[in-house]
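Chemist: Here you go, sequence then predicted model.
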Amino acid sequence: MNIPQELKYTKEHEWIIIEGNIGTIGITDFAQKELGDIVYIDINSLNKTLKAGEIFGTVEAVKTVSDLYLPMSGKIVAFNTELQQHPEFVNNDPYKTGWIIKIELTQLTEQQSLLSAEQYKNII
Amino acid sequence: MSKQTPLYQEHVQLGAKFTSFAGYAMPVSYTSINEEHKTVRQAVGLFDISHMGEIIVEGYAALAFLQYVTCNDVSKLIQGKIQYSCLMNEQGGTVDDLLIYCLEPSKKYLLVINAANTDKDFAYLLQHSRAFDVQLKNISEQTILLSLQGPAAMSLAQKFTSENLDLPYYSFKKVKWFNHEEVLIGNTGYTGAGGIEIFFKHEDDFTVRVWRELLSEGRSFNIKPIGLAARDTLRLEMGFSLYGHELSDSISPIEANLGKFVKLYKESFIGKIHLEKLHLTGVDRKLAGFELVEQGIPRQGYEVYSDKQKLIGSVTSGTFSPSLNKPIGICMIATAYTPTGSTIYLKIRDKFVKGIIVSYPFINKNTKL
């Protein structure tokens, strides 16, 4: 199971990496394996400002659908449009080409309540 | 505690993900649903479907009894042939859909039924059998059922027996597997990819050996074990009904577009009066295939609208078709909206997603697989 050290995690299996006040968000290797073949990422929150824990979209796999939860509060400023043609990037490369959204963070202190790689590993 | 098929440990060793289905822990997929799906369409896949139910109906009145409880004409079955049919209730709804294997004309038949309905069907059959000279035997627990599906299925199966497996569709015969153990081979399937189903009585060593040797001999044909998830996408591309989705106690075969399996000329059978009425007056609702023209994945239970206001029915099955690379599904909607080309809207969470009614099977021999 691939759980990069440099990322922060949620117990709902999202990851986030913070650069300045921009967070890049995706789902974990564990999550993509559990979901199986991903066929569609539905993001209905572009340009919206949401709070940590709110749903920012859904990921549809062949067999199931799962909500996506925002790890930290902020404004959704970008969606990885490559995923519209290649949703399988989330399966094949969940931490790089499979990133899902970028968010302008409004509460940087929230990162203290996220999970470290070690903590995340212990809950899966 | 879930039940397991005798091949459970084999699935564990193959790294299967499991799901609970009809009380069984069943492999849902081994690697990737898409890969498994394509393997069946292009090469050959092996399914353990031993959870399915098998009931033997035997006795002087076996034919009369089956004529009474099912909607198709069992008298047409000759030895070695198989028939698709439905068990009916008094209201014209469907107790189950099934395959009937004619073991001995008019005297002995094998019914292959849905795992989720085995207990319900057996109780139903017992109840109605009292007036008939028949014996019923539920052999589900000791029967192994493997399905070998795909263009290479016949060539692979032929390696295990010297008897000719070149059977016509919906026929079966008993052959010696490894040239010594008797198995029953039926040319049917639930994938549209062609192939066979293999029935035999469970014996520890033999069961595991059949499974393992199919997989090892099958390597040169690029075989894979296939889970229930790909079984579902495969059957849906063909538009095959799945009980609990397209059929139920409150859905008649006529509404499910299975009218050609309903033989109203038969003297009398359970539900006939209601089916005759539906046949004469037409149905208010029926199944229709659709594909989405906007992004989204249809799922069972999603509401279907004719415009963005009028609710006309709901989705019975939906998926993202691996062969067609688009979202497809079947819905039960008001008959007026079922002509091919009609526009529908699915309510997916908070938004309407546009779809179009299409005929099914969704794939045919011209589809590039």
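Modeler: Perfect, I can see it now.
Chemist: Spit out the contact partners of the residue of chain A most remote from its centre.
Modeler: Note on chain A: the largest C-alpha distance from the chain mean falls to A:K63, namely 19.7 Å (Cα atoms, centre = their mean). Contacts for A:K63 (Cβ atoms under 8 Å, 6 or more residues apart in numbering or on different chains) come out as A:36, B:28-29, B:33, B:229, B:232. The C-beta positions use only the backbone N, C-alpha and C, and glycine is treated the same way.
Chemist: SS state for it?
Modeler: With DSSP: H, G, I helix; E, B strand; the rest coil as the basis, A:K63 sits in coil.
Chemist: distance of it from B:S306?
Modeler: Remark: distance between A:K63 and B:S306 (Cβ to Cβ, to the nearest Å) = 29 Å.
Chemist: so the residue nearest the centre of chain A is in which element?
Modeler: Geometric centre of chain A, nearest residue: A:G26, 2.5 Å, by Cα atoms, centre = their mean. Assessed by DSSP states H and E, A:G26 sits inside strand A:22-27.
Chemist: So for the helix or strand that that strand is followed by, what gets flagged as buried?
Modeler: The helix or strand immediately downstream of strand A:22-27 is helix A:29-35, counting by DSSP H and E. Neighbour-count burial for helix A:29-35 flags A:29-32, A:35 (criterion: 16 or more other Cβ atoms under 10 Å in any protein chain shown).
Chemist: ditto for stretch B:318-325
Modeler: Quick answer for stretch B:318-325 (16+ other Cβ under 10 Å): B:318-323.
Chemist: What is the end-to-end distance of it?
Modeler: End-to-end distance for stretch B:318-325, by Cα to Cα, to the nearest Å: 13 Å.
Chemist: Wondering if it reaches chain A at all.
Modeler: Yes: judged by Cβ under 8 Å from any Cβ of the partner chain, stretch B:318-325 and chain A are in contact via B:319-320, B:322.
Chemist: Could you dump these into JSON lines with pLDDT and secondary structure added?
Modeler: Listed next are these as JSON lines, based on pLDDT from 0 to 100; DSSP: H, G, I helix; E, B strand; the rest coil:
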{"residue": "B:T319", "pLDDT": "96", "secondary structure": "strand"}
{"residue": "B:F320", "pLDDT": "95", "secondary structure": "strand"}
{"residue": "B:P322", "pLDDT": "94", "secondary structure": "coil"}
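Chemist: Closest to chain A out of those residues?
Modeler: Ranked by distance to chain A (Cβ to the nearest Cβ), those are led by B:F320 at 3.9 Å.
Chemist: For the closest one, give its distance to A:T97.
Modeler: Distance, B:F320 to A:T97, by Cβ to Cβ: 20 Å.
Chemist: What of A:M72?
Modeler: Counting by Cβ to Cβ, the gap from A:M72 to A:T97 is 22 Å.
Chemist: what about the two, which has more around it?
Modeler: A:M72 (25 against 15; other Cβ atoms under 10 Å in any protein chain shown).
Chemist: so the more buried one, which of the three states?
Modeler: Once three-state DSSP is applied, A:M72 turns out coil.
Chemist: How about B:K176?
Modeler: Per three-state DSSP, B:K176 ends up strand.
Chemist: That one: neighbour count?
Modeler: For B:K176, the count of nearby residues is 13 (other Cβ under 10 Å).
Chemist: That one touches B:E163, doesn't it?
Modeler: Yes: assessed by Cβ atoms under 8 Å, B:K176 is found in contact with B:E163 at 6.7 Å.
Chemist: For chain A, which residues are neighbours of chain B?
Modeler: A:36-37, A:39-40, A:42, A:44, A:58, A:60, A:62-63, A:65, A:84, A:91.
Chemist: which helices and strands sit right next to the strand holding A:G26?
Modeler: Packed against strand A:22-27 by the contact rule (3 or more Cβ pairs under 8 Å, 6 or more residues apart in numbering or on different chains; DSSP states H and E) you find strand A:14-19, strand A:101-105.
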